[in-house]
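# I would like the atomic coordinates for the input below:
(one chain, ligands or ions: 2)
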Amino acid sequence: MDNHLYTVAQLRAIEASAYAVLPPGTLMQRAGAAAAQFAMQLLGERRDRPVLVLAGPGNNGGDALELAANLADAGIDALVLHLPGQRDASIETATAHERARDGTVGFIDMLPPDGDWGLVVDGLFGIGLTRPIGDEYREAIAALADVRCPILALDVPSGLDADTGAIIGPDGIAVRATHTITFLGDKPGLHTADGRDHAGLVHVEMLGVGPEHLPQSQARLGTDDVFAHRLAARRHNTHKGSFGDVAIVGGAHGMAGAPVLAARGALLTGAGRVFVAMLDPGPGYDSMQPELMFRAADDFELDKRTLVIGPGMGGSASAMRLLAKALDSDSPLVIDADAITLIGASPDLLARLAARSAPTILTPHPLEAARLLGKDAGEVQADRLQAARDMAVRTNATVILKGSGSVIAQPNGETVINPTGNAGLATAGSGDVLAGICGTLLAQGWPAWEAASGATWIHGAAADLLVANGVGPIGLTAGELPAAARAVLNMLVLDAADGN
Ligand SMILES: NC(=O)C1=CN([C@@H]2O[C@H](COP(=O)(O)OP(=O)(O)OC[C@H]3O[C@@H](n4cnc5c(N)ncnc54)[C@H](O)[C@@H]3O)[C@@H](O)[C@H]2O)[C@@H](O)CC1
Ligand SMILES: [K+]
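Numbers count the residues shown, from 1 in each chain. Ligands and ions are numbered 1, 2, ... in the order given. Below is the predicted model of the structure:
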């Protein structure tokens with residue numbers, strides 16, 4: 001599967017390279033024809049209803065006009081609201097406009113208040129949107145909020161930044177599409193930040209442009225291919241020592257739940273033995289999961305097992321001391337929650353982290369990322385890929401920047417956006433479970449990059465499985481994730497054994 005994600009700069013280069021070898025207008029004609037096919041599939045039984053097409057000033061508008069002409073040729077009632085702006089259209093767009101005008105496409109000046117559409121197509125802006133959306137376009141986009149039919153965005157939902165998934169501008173607005181047909185290559189912004197909510201289901205249409213026109217991408221959409229080769233069925237002749245030891249270090253007073261959730265996440269995804277090294281004496285065992293072994297963090301040996309440090313750990317002097325020891329150890333290490341905040345406040349801890357050579361994964365949410373980067377959370381969210389890459393370089397670790405479309409980056413710049421998961425994960429403790437799963441995969445010898453990508457994928461797929469079974473997204477609890485993650489992992493292993 002081609003899962004590469006291209007920046008706008010790269011897409012412009014692909015466009016120019018393909019443009020140079022094709023007759024003028026070819027790409028737009030192909031985009032319009034492919035989008036019309038896709039629109040007809042979406043229309044399905046509703047082919048007798050009119051299709052509303054919003055066409056903007058640039059070539060995205062040209063695609064929309066081509067699509068409208070194709071739909072009209074197929075006997076569908078296509079109505080275009082054309083908002084051409086002040087500048088002259090490109091020759092391709094002007095040609096598409098002529099074709100639509102000469103055919104049976106209908107043109108309207110304003111949106112009827114209660115249009116009963118079969119489908120709405122958004123061709124206002126694509127990758128050329130450079131500034132916040134102004135009043136005229138804003139009104140049209142706002143009107144789509146009341147639409148009850150599918151909304152198909154051409155290339156990019158108008159208002160969304162194709163590189164970052166952020167909505168452009170302060171007080172910006174963007175189309176919320178149910179589907180996006182995107183041209184010449186997939187884009188990171190459709191899969192992270194606001195992208196998943198605004199793009200809906202993404203269909204990539206290469207317009208007949210071959211691999212010779214494609215540059216090296218620095219980002220990919222995650223698939224289970226990244227870690228599939230690690231999914232070996234378990235041999236009979238094994239014992240608990242074969243699957244690694246994980247120790248969760250955390251749990252200050254009143255915060256015992258966080259390390260326990262991480263520990264359950266680690267245990268149920270297959271670690272051989274799981275310890276909980278608590279800063280506060282707290283509970284002596286977990287009655288739901290008595291297999292977990294509780295120890296006092298202070299005299300726990302940190303250099304013997306894979307460590308997950310930070311859940312519920314607080315910011316006390318002993319937390320800092322333990323963290324410094326963990327960073328100095330050769331143990332594979334997952335750094336989460338309070339441990340990230342402590343590192344963000346201490347150049348000394350950051351230097352110890354950057355000096356590590358053992359596998360290390362950092363799992364910040366946007367606020368923790370902001371503390372680490374000396375920014376605010378809004379700045380992190382404005383460019384999640386760049387923030388994850390900056391953190392990976394600064395910490396010399398593999399980073400999972402959590403959130404819708406978690407971004408996983410390594411110090412060499414390689415980046416994956418995770419496609420699994422849903423809003424049910426926006427609940428206390430889900431990050432602890434993710435850290436625990438990362439710990440288990442590291443303990444089983446997965447390299448940090450594969451453990452981070454695999455854990456994020458499995459954790460998201462666990463939430464998807466729960467939602468498919470009616471558990472969430474509303475009311476999904478973190479405590480339900482470990483068993484679901486176990487089910488996902490075992491299904492993946494069975495599939496791998498079947499050669500699927
Ligand atoms: N050029 C090509 O070879 C192809 C282009 N394609 C389409 O063309 C799109 C890119 O076309 P463009 O570069 O023309 O860009 P867009 O169509 O995305 O829009 C750019 C136009 O909008 C104006 N604009 C930008 N921000 C604005 C704002 N906030 N308010 C009002 N006007 C604003 C710009 O001045 C420019 O006229 C792609 O997303 C894709 O849909 C496809 O047809 C495939 C081939
Ligand atoms: K669009």
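
# any chance you could map the strands in the stretch 301-450 of the chain?
Ranges of strands in the stretch 301-450 of the chain, per DSSP state E, counting those that start in this stretch, are 306-309, 333-336, 360-363, 398-401, 407-409, 415-417.

# how far off centre is the second one?
In this case it means strand 333-336. Here the centre of strand 333-336 is set off from its chain's centre by 21 Å, with Cα atoms, centre = their mean, to the nearest Å.

# now for that strand, which elements pack on it?
Under the contact definition 3 or more Cβ pairs under 8 Å, 6 or more residues apart in numbering; DSSP states H and E, strand 333-336 sits against strand 306-309, strand 360-363, helix 430-443. (Each C-beta comes from the backbone N, C-alpha and C, glycine too.)

# hey, which of these is tucked in deepest?
The highest average neighbour count among these, using mean count of other Cβ atoms under 10 Å, belongs to strand 306-309 at a mean of 32.

# that one pairs with which strands, parallel or anti?
As defined by DSSP bridges, the strand partners of strand 306-309 come to strand 245-250 (parallel), strand 333-336 (parallel).

# gap between it and the chain center?
Taking Cα atoms, centre = their mean, one finds strand 306-309 lying 25 Å from the centre of the chain it belongs to.

# list the contacts of that strand.
With contact meaning Cβ atoms under 8 Å, 6 or more residues apart in numbering, strand 306-309 is reached by 244-250, 262, 266, 271, 322-323, 326, 329, 331-336, 339, 435-436, 438-440, 442-443.

# grab the CA positions of that strand and hand them over as PDB.
Written as PDB, here are the backbone C-alpha positions of strand 306-309 (Å, rounded to 0.1, in the frame of the first residue of the first chain):
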ATOM      1  CA  THR A 306      12.600  -2.300  30.800                       C
ATOM      2  CA  LEU A 307      11.300   0.800  32.600                       C
ATOM      3  CA  VAL A 308       8.200   2.900  32.200                       C
ATOM      4  CA  ILE A 309       8.800   6.000  34.200                       C
END
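
# ok so, going back, can I get the helices and strands packed on strand 333-336 in CSV including mean pLDDT and distance to residue 375?
Formatted as CSV, the helices and strands packed on strand 333-336 follow (pLDDT from 0 to 100; distance: least, Cβ to Cβ, whole Å):
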stretch, mean pLDDT, distance to residue 375
strand 306-309, 98, 23
strand 360-363, 98, 16
helix 430-443, 98, 20
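
# where in this protein is the helix or strand with the lowest mean pLDDT?
Across the helices and strands of the chain, mean confidence by mean pLDDT, DSSP states H and E is lowest for helix 225-228: a mean of 82.

# where does this protein dip in pLDDT?
Applying pLDDT under 70 to the chain flags residues 1, 500.

# how about the residues of it by ligand 1?
For the chain, the residues in contact with ligand 1 (Cβ under 6 Å from any ligand atom) are 15, 19, 27-28, 31, 56-61, 63, 85, 87, 125-134, 137, 154-155, 183.

# for this protein, longest helix please?
Secondary structure of the chain per DSSP state H: the longest helix is helix 448-468.

# how many degrees apart are that helix and helix 430-443 in direction?
Angle, helix 448-468 to helix 430-443, by axes from the mean of the first three to the mean of the last three Cα atoms, to 10 degrees: 130 degrees.

# what parts of this structure come near ligand 2?
Along the chain, the residues adjacent to ligand 2 under the rule Cβ under 5 Å from the ion are 122, 153-154, 158.

# next secondary structure after the longest helix of the chain?
Sequence-wise, the next helix or strand downstream of helix 448-468 (DSSP states H and E) is helix 481-498.

# which residues touch that following helix?
For helix 481-498, the external contacting residues (Cβ under 8 Å, 6+ apart) are 224, 228, 231-233, 261, 264-265, 267-270, 430, 433, 436-437, 458-459, 461-463, 465-466.

# of those residues, select the buried ones using a ChimeraX command.
The buried subset of the contacts of helix 481-498, as determined by 16 or more other Cβ atoms under 10 Å, is captured in ChimeraX by this line:
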select :224,231,261,264,265,267,268,269,270,430,433,436,437,458,459,461,462,463,465,466
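
# packing partners for the strand or helix carrying residue 220?
Here residue 220 sits within strand 219-221, counting by DSSP H and E. In terms of contacts (3+ Cβ pairs under 8 Å, 6+ apart), strand 219-221 is packed against strand 4-5, strand 415-417.

# need the winner for burial among those.
Among the helices and strands packed on strand 219-221, strand 415-417 has the highest mean neighbour count (mean count of other Cβ under 10 Å), at a mean of 26.

# can you list the buried residues in the helix or strand where residue 101 lies?
In the assignment (DSSP H and E), residue 101 maps to helix 91-102. For helix 91-102, the buried set under the neighbour-count rule, 16+ other Cβ under 10 Å, comprises 92-93, 95-97, 99-100.

# please apply the same query to stretch 373-393.
For stretch 373-393, by 16+ other Cβ under 10 Å, it's 373, 375, 377, 380-393.

# returning to that earlier point: switch the strands paired with strand 306-309 over to CSV; also include mean neighbour count.
Shown next, in CSV, are the strands paired with strand 306-309 (neighbours: other Cβ atoms under 10 Å):
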stretch, mean neighbour count
strand 245-250, 30
strand 333-336, 32
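
# do you know which of the ones you listed lies nearest residue 169?
For residue 169, the closest of the strands paired with strand 306-309 is strand 333-336, at 33.6 Å, according to Cβ to Cβ.

# who touches the closest one?
262, 306-311, 326-327, 343, 353, 356, 358-363, 397, 431-432, 435, 438-439, 442.

# residues near the residue of the stretch 201-350 of the chain found nearest ligand 1, how many?
Per Cβ to the nearest ligand atom, residue 207 is where the stretch 201-350 of the chain lies closest to ligand 1, at 6.3 Å. Look at residue 207: counted by other Cβ atoms under 10 Å, it has 19 neighbours.

# so it makes contact with residue 28?
No. Between residue 207 and residue 28 there is no contact under Cβ atoms under 8 Å: 9.1 Å.

# any idea how far residue 497 is from residue 450?
Remark: distance between residue 497 and residue 450 (Cβ to Cβ, to the nearest Å) = 19 Å.

# those two: who's more crowded?
Neighbour count, other Cβ under 10 Å: between residue 497 and residue 450, residue 450 has more, with 19 against 11.

# so that one is in contact with residue 228, correct?
No. Counting by Cβ under 8 Å, residue 228 is not a contact partner of residue 450; they are 9.7 Å apart.
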